[in-house]
Each structure stands twice: as C-alpha cells, then as structure tokens.
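A.B. asks: got a structure for you, letters missing:
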C-alpha cells in the first residue's frame with residue numbers, strides 16, 4: 001500500500017514538473033509590455049481599457065516616453081513586446097538591427113498645435129512666439145530624441161522664427177512633459193501634440209493647429225519586438241489596434257488614420 005502511494009506520488013510529481021514549462025509559458029503569453037510614444041498617453045489608455053473588456057485575462061502594461069530613448073532601450077535589451085513610435089524611422093532602425101519579428105507599419109499620422117492654458121492660443125501664430133511680449137517661455141519636446149520636438153523645430157524654422165525664439169525655449173523630455181510644463185506654468189505656451197490638446201482636461205483651452213506643410217509628416221509606426229514574437233496576446237492586441245473601434249478612439253484624439 002505504501003509502495004503504491006509512493007508510486008502515485010512520483011507519477012503526480014513527474015506530471016506536474018512536466019507541465020510547469022507549459023503553465024509558465026501560458027502565464028507569460030497572457031502578459032505583454034508596450035513601449036509607446038507619449039503623444040499616445042490618453043488615446044492608448046482608452047484603447048487598452050476597451051481591449052481589457054474583451055480580454056480580461058490579458059495583463060497589459062504600457063510605458064510612455066520619447067521614441068528615440070525607447071529605441072535605445074530596446075537595442076539595449078529592454079523587455080518591451082510592442083513598440084509604438086511617434087516616428088516610423090525608429091521602428092525601421094530596430095528592424096534593420098534584426099530586433100523585430102514584424103515589418104514597421106504605419107498606425108497613424110500625428111499633428112502639432114500651439115497650446116496654452118493662460119493665453120488664447122487659437123489667436124496665436126508661430127510668428128507671435130517670437131514677438132508677443134506675454135510669451136516668456138515656450139515649451140517643446142527635446143528635438144534630439146522626440147519626434148514632436150523635431151517637427152516643432154522644423155515648423156518654426158519654416159516660419160523663420162527658430163533663431164529668434166531660442167532664448168525663450170524650454171525643453172521637455174518628451175511631448176507629454178512639454179505639455180505638463182505649460183500646464184504647470186513653467187512655460188506660457190507650448191508646441192504639443194494635437195492628441196494631448198484634445199484630452200478633455202486640456203481641451204478646455206483653445207489651440208492653434210499648425211499647418212502640416214511647415215514640417216515633415218509625423219508618420220507614426222509600430223513593430224513587434226523579438227521578445228513579443230510568438231506571444232498570442234501580443235497578436236490579439238495588434239489586431240485590435242486595426243479595428244474600427246480602435247481607429248475611432250485614435251481619430252477622436254486628432255490622429256489621421258493611414259489610407
């Protein structure tokens with residue numbers, strides 16, 4: 001009897017040990033981490049909320065930041081499964097480095113605006129940034145690693161005011177940080193993402209949409225990294241981003257859908 005019990009215990013343990021890798025894989029497959037450009041902070045949060053209603057067993061973690069810095073992090077082994085960049089050139093760079101399992105794909109086109117919570121930005125132009133005495137500080141994202149900051153610089157260069165505004169510029173780590181600087185009073189106005197200016201708390205204050213002929217397009221792209229390859233939950237989320245429901249959210253925040 002004891003021998004039989006011992007044999008059963010050994011059989012049970014051997015089955016359990018054999019199943020552990022499968023259980024571990026299953027738990028891992030339902031979890032994934034997204035690295036996303038900070039212009040997506042509100043739109044992607046809304047999309048993830050909708051996604052969780054349909055996949056409550058999927059644990060989604062999202063980290064927002066500047067596209068350039070996140071690219072460097074992924075190249076250095078950061079554990080991100082999907083990367084949504086504000087500039088498709090960064091996913092292309094990862095793809096060329098053989099760090100992705102999908103080709104870079106466009107998911108939206110972004111826009112930039114002049115925004116302020118103390119001045120009527122709808123009445124401001126790029127030229128006013130250099131001449132209006134009420135404007136002492138202008139916040140933009142750091143052009144060296146944030147696509148929205150680079151497009152802000154391009155627009156001011158095209159308007160002929162870039163050199164004149166230099167003493168007034170303050171730089172955010174990313175476009176959400178630049179918006180926060182204006183909101184907190186650290187800057188009087190900012191050139192920020194339309195997607196942020198349309199968030200209800202910010203949309204109480206008017207904005208001025210900058211002519212997109214003054215800068216290169218904000219062609220935003222995504223890739224699935226090598227870490228995310230083979231994760232069924234990652235595939236489900238990428239497909240959900242292509243649905244009309246997700247597109248409706250993106251358009252509500254001012255993004256232009258590809259095609």
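C.D. replies: On my side now, so go ahead. Keep in mind that what you see is a predicted model, and the values were worked out from it rather than measured.
A.B. asks: per-residue pLDDT, residue 2?
C.D. replies: Per-residue pLDDT puts residue 2 at 50.
A.B. asks: right, I mislabeled it, should have said residue 230
C.D. replies: Note on residue 230: pLDDT of 89.
A.B. asks: for it, give its distance to residue 101.
C.D. replies: Distance of residue 230 to residue 101, given as Cβ to Cβ, to the nearest Å: 8 Å. The C-beta positions use only the backbone N, C-alpha and C, and glycine is treated the same way.
A.B. asks: what about those two, which has more around it?
C.D. replies: residue 101 (16 against 13; other Cβ atoms under 10 Å).
A.B. asks: so that one makes contact with residue 227?
C.D. replies: No - between residue 101 and residue 227 there is no contact under Cβ atoms under 8 Å: 9.1 Å.
A.B. asks: any residues in contact with both of the two?
C.D. replies: Applying Cβ atoms under 8 Å, 6 or more residues apart in numbering, one finds that no residue jointly contacts residue 101 and residue 227.
A.B. asks: how many neighbouring residues does residue 163 have?
C.D. replies: Count around residue 163 with other Cβ under 10 Å applied: 10.
A.B. asks: identify the residues contacting the helix or strand hosting it?
C.D. replies: Under the criterion of DSSP states H and E, residue 163 resides in helix 162-165. With contact meaning Cβ under 8 Å, 6+ apart, helix 162-165 is reached by 129-131, 138, 153, 156.
A.B. asks: where does pLDDT dip in the stretch 1-150 of the chain?
C.D. replies: Along the stretch 1-150 of the chain, segments meeting pLDDT under 70 span 1-29.
A.B. asks: hey, where'd the strands end up in it?
C.D. replies: Taking DSSP state E, counting those that start in this stretch as the criterion, the stretch 1-150 of the chain carries its strands at 31-37, 59-65, 82-84, 105-110, 112-115, 138-141.
A.B. asks: against residue 117, how distant is the residue nearest to residue 258 when sequence neighbours are not counted?
C.D. replies: Distances taken as Cβ to Cβ, 6 or more residues apart in numbering put residue 106 closest to residue 258, at 4.4 Å, once the chain neighbours are dropped. Distance of residue 106 to residue 117, given as Cβ to Cβ: 32 Å.
A.B. asks: give the next helix or strand downstream of the stretch of helix or strand residue 192 belongs to.
C.D. replies: Using DSSP H and E, residue 192 sits in strand 189-193. Following strand 189-193 in sequence order, the next helix or strand is helix 194-197 (DSSP H and E).
A.B. asks: next secondary structure after that next one?
C.D. replies: Following helix 194-197 in sequence, per DSSP H and E, is helix 200-203.
A.B. asks: now that next one: buried residues?
C.D. replies: residue 202 (16 or more other Cβ atoms under 10 Å).
A.B. asks: what do you get for stretch 235-254?
C.D. replies: For stretch 235-254, burial by neighbour count (16+ other Cβ under 10 Å) applies to 235, 237-238, 240-241, 246-247, 249-250, 253-254.
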